[in-house]
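Novice: Please find the sequence and the predicted model below.
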Amino acid sequence: MWPEGNSLYYNLLIYTLGASSLAFLYHLVLYFQRREKLLLHYCIYLFLLSAFLFSRILMTHSEQGTEHQTWRFQFWDELLQLLFYYGYIEFIGRALGIHPSTHKKLYYFWKTLSWTILAIAFIHIVLMSTDIISIRNRYLFRGSRLLLIGVSLIVLLNYAFTRKTVFQRYILTGALLFLVTGILGFASFVYNFRIWNIYALGFTFIGEVADVLLFSAAMGYRLRQTYEEKEKAMKELEEQRQMLMQKDIERMEAIVETRYHERNRIARELHDEIGSSLSSIHIFSTVASDPGKMAGMVEKIRDTSGRIMENMSDLVWAINAETDDMQSLLRRIRQFGASLLEARNIELEVPGDTPLPGFLLKPEAKKNILLICKEAINNIAKYSQAGKVIISVTVTGQQFNLKIRDNGKGFTTGKTNGNGLTNMRKRCEESGGQFSLESVSGSGTRISCVFPVTTISN
């Protein structure tokens, strides 16, 4: 007697249909929300399974005869069963992550099995459309089940020895459980035996219910893991955003502080240099009212006013943001040096053919470097008796190197320590640099200033 007359069979059939239908509707909603391909394949499998189970219920009540040997029942029952097996195999392979680049042989077996099931479904349609239905009943049905069981067993057992995630362990456990119940169902049909009054498809229904529970749990775990990873990524992104905001705040505070110090420095320079010089001019002009001292005071007024103009020019140049690049610095040095040294027949070389660094100089550092060069050029013009001066600027790693060399008579260091050398050293150290001087009588003089790029650039 066929199992359709058994109430246990009907209960298993209804329970399986209920579980698969609910799982299908739930995961269909999830698919429309997330648009993931794996969810789509799971929904296709659940739909085909539900369609097969629902057709079983309809045709069991509509067909005459307890053994359901009518053509319509055999045609649709076997076709829908093969289609849901195809959907099942496709979902399992994708869920287990079987890919040709990582599981070449398993991928070959998996795809062969999927296409073979479709081929069997096509052959089933052809045979059922002819008068050789007996061949379908005798060979195709049993051969297709043996093929499904055999190849699935090979694929799943091979995959069981590979590295798996927790999600894939859920899927593999469900697939192996369904394979075991499928083997029991096929053996029960062929050898006509029962276990606890369960026969043939009843075992398959049990495996399907377990599969739906395990697969849905696996998909839930995967969705939760994806959500947690997304939350973690969003948290890290927020931390990075906060860190960038903090850096922006610190950078703005540094800019404000730099501007504050720069304004104070400009005010100090105006007071110390320009203010004192103007006071001197005022005194000189008062004294110049004496006819006997007029000529000397006029000369001093001219020198002092010239010095004020030069200092103001340097100050305006240093403040101007358009002159913060290296080319502007070299042009300023070349312009000053050429006008002063040309009168002494001293050649000035400021190499400009080498690639210059692209960073911008801070106004204070820019002015200090310029004044170091001007002080050195003044000393060379007055005392060195040189024929050539070379001023070079290079960047090595994170160090800015300024070198001033001449081929003059030189001097013995330690014995001649005028204000010029002291001022150069002081200005170099103010910008965080290291000052060094090498000079030997008759061999010229070499001045070197090494600055960290971070202390002189913006």
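Specialist: Perfect, I can see it now.

Novice: how does this protein divide into domains?
Specialist: Segmentation of the chain into domains, based on automatic domain parsing, reads 3-239, 323-458.

Novice: which one of these lies closest to R251?
Specialist: Closest approach to R251 among these (CB to CB): domain 323-458, 10.7 Å. C-beta coordinates here come from the backbone N, C-alpha and C atoms, glycine included.

Novice: where do the strands sit along the stretch 251-400 of the chain?
Specialist: 347-349, 388-396, 399-406 (DSSP state E, counting those that start in this stretch).

Novice: Pull out the buried residues from the shortest one.
Specialist: In this case it means strand 347-349. Across strand 347-349, burial judged by 16 or more other CB atoms under 10 Å covers L348.

Novice: Kindly report the same for the longest one.
Specialist: By neighbour count, with 16+ other CB under 10 Å as the criterion, the buried positions of strand 388-396 are V389, I391, V393, V395.

Novice: Let me know the pLDDT of L113.
Specialist: Among the per-residue scores, L113 holds a pLDDT of 82.

Novice: show me the contacts for F411.
Specialist: Residues near F411 by CB atoms under 8 Å, 6 or more residues apart in numbering: Y383, S439, S441, T445.

Novice: Tell me the secondary structure of it, please.
Specialist: Taken by DSSP: H, G, I helix; E, B strand; the rest coil, the conformation at F411 corresponds to coil.

Novice: Any figure for the gap between it and V287?
Specialist: Distance of F411 to V287, given as CB to CB, to the nearest Å: 37 Å.

Novice: and what of Q74?
Specialist: According to CB to CB, Q74 stands 130 Å off from V287.

Novice: Over to V190?
Specialist: For V190, the distance to V287 - CB to CB - is 131 Å.

Novice: cool, and P452?
Specialist: Distance from P452 to V287, counting by CB to CB: 48 Å.

Novice: Over to V256?
Specialist: Separation of V256 from V287 (CB to CB): 46 Å.

Novice: what about those two, which has more around it?
Specialist: The residue with more neighbours, out of V256 and V287, is V287; 14 against 10, by other CB atoms under 10 Å.

Novice: these two touch, right, that one and A295?
Specialist: No - counting by CB atoms under 8 Å, V287 does not reach A295; the two are 11.5 Å apart.

Novice: quick one: low-confidence ranges for the stretch 301-450 of the chain?
Specialist: Applying pLDDT under 70 to the stretch 301-450 of the chain flags the ranges 321-322, 352-358, 414-417.

Novice: just checking, what packs against the longest helix along the chain?
Specialist: Secondary structure of the chain per DSSP state H: the longest helix is helix 201-269. Applying 3 or more CB pairs under 8 Å, 6 or more residues apart in numbering; DSSP states H and E, one finds that helix 201-269 contacts helix 7-34, helix 37-62, helix 71-95, helix 166-191, helix 294-319, helix 363-379.

Novice: okay, now the nearest residue to Q399 once chain neighbours are set aside: neighbour count?
Specialist: Nearest residue to Q399, sequence neighbours excluded (CB to CB, 6 or more residues apart in numbering): V450, at 5.6 Å. Counted with other CB under 10 Å, the neighbours of V450 add up to 16.

Novice: Give me the three-state assignment for V450.
Specialist: When classified by three-state DSSP, V450 comes out as strand.

Novice: Relative to A119, how far out is it?
Specialist: Distance of V450 to A119, computed by CB to CB: 80 Å.

Novice: again, but for K247
Specialist: Distance, K247 to A119, by CB to CB: 63 Å.

Novice: Without its sequence neighbours, what residue ends up closest to I372?
Specialist: Closest residue to I372 apart from its sequence neighbours, by CB to CB, 6+ apart: M424 at 4.9 Å.

Novice: Now do the contacts for that neighbour.
Specialist: Here M424 is in contact with I372, E375, A376, F435, I447, C449 (criterion: CB under 8 Å, 6+ apart).

Novice: so the last one makes contact with G432?
Specialist: No - using CB under 8 Å, C449 is not in contact with G432, being 10.5 Å away.

Novice: of those two, who's got more company?
Specialist: A direct count of neighbours by other CB under 10 Å for C449 and G432 places C449 higher, at 26 against 13.
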